[in-house]
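>>> generate coordinates for the sequence data below:
(one chain, ligands or ions: 1)
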Amino acid sequence: MISEKLTKALNDQINAEYYSAYMYLSMSAYAEGAALKGSANWLYVQAQEEMTHGLHMYQYLMDRGGRPTFAPITQPPHSFTSIDDVFNQVLAHEQKVTGGINAIATLAMQENDHAAYQFIMWYVNEQVEEEANATDIIGKLNMINGDKRALLALDNELATRVFVNPFPANAP
Ligand code: FEO
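Next comes the predicted model:
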């Protein structure tokens, strides 16, 4: 059975994953309104992924005899100044999420909960990828530097992202 401390930490993380989904949906709506449908697609797929993370953690807590409790989800930002602003906020957010995931890994280690440690390591690796993806897009946006044709090319690239559930058994 999982400890109360780890239950609370994972519970908070479930909330953070759903906040992430809200945030990405809000960003997707902004991008679509700005005629950047490819960026909107990328952000929408990201929102879908975040929901699978929340469900995966929920299922894990249940499997370990924990009991999730559901706190309100904070309202995400609604206004953005540009698509550059959006992706800069994506990176800042994912860096914050990485901090939360690492804290859970540290707690699992301190408690000698090898199963929880193994579980959260998937997210430790996932965060490396999430930060790298955001950094990559920001790098391209910096190169584009307001050139509309180049921005359109990047938007077309972001249109190709397809949602793949990393945990098919927990499909939402
Ligand atoms: Fe589920 Fe973007 O971290």
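
>>> was I right to think S28 contacts G38?
No. Counting by Cβ atoms under 8 Å, S28 stays clear of G38, with 11.0 Å between them. From N, CA and C alone the C-beta is placed, and that goes for glycine too.

>>> so between the two, which is more surrounded?
Remark: of S28 and G38, S28 carries more neighbours, 22 against 19, as counted by other Cβ atoms under 10 Å.

>>> which element is that one on?
Assigned by DSSP states H and E, S28 belongs to helix 4-33.

>>> name the helices or strands packed onto that helix?
helix 37-63, helix 83-110 (3 or more Cβ pairs under 8 Å, 6 or more residues apart in numbering; DSSP states H and E).

>>> not counting its neighbours along the chain, what's nearest the residue of the chain found nearest the ligand?
Evaluated by Cβ to the nearest ligand atom, the chain has H53 as its residue closest to the ligand, separated by 3.9 Å. Counting by Cβ to Cβ, 6 or more residues apart in numbering, H53 lies nearest to E17, which is 4.3 Å off, once chain neighbours are set aside.

>>> isn't that neighbour up against A47?
No. At 10.4 Å, E17 and A47 do not qualify as touching, with contact defined as Cβ under 8 Å.

>>> of those two, which one has the most company?
Neighbours per residue (other Cβ under 10 Å) separate E17 from A47, with E17 holding more: 24 against 19.

>>> which residues touch the more buried one?
50-51, 53-54, 57 (Cβ atoms under 8 Å, 6 or more residues apart in numbering).

>>> one more pass at 7 Å, please.
With contact set as Cβ atoms under 7 Å, 6 or more residues apart in numbering, E17 has these partners: 50, 53-54, 57.

>>> mark which of those are buried, thanks.
50, 53-54, 57 (16 or more other Cβ atoms under 10 Å).

>>> where does the chain dip in pLDDT?
169-172 (pLDDT under 70).

>>> can you tell me the helix or strand for R67?
Short version: R67 belongs to no helix or strand, going by DSSP H and E.

>>> which phi and psi does it have?
Here is the backbone geometry of R67 (degrees, to the nearest 10): phi -130, psi 110.

>>> that one: neighbouring residues, count only.
10.

>>> pull up the gap between it and Y117, please.
21 Å (Cβ to Cβ, to the nearest Å).

>>> returning to that earlier point: quick check: buried residues in the helix holding S28?
6-7, 9-11, 13-28, 30-31.

>>> near the ligand, from these?
17, 20 (Cβ under 6 Å from any ligand atom).
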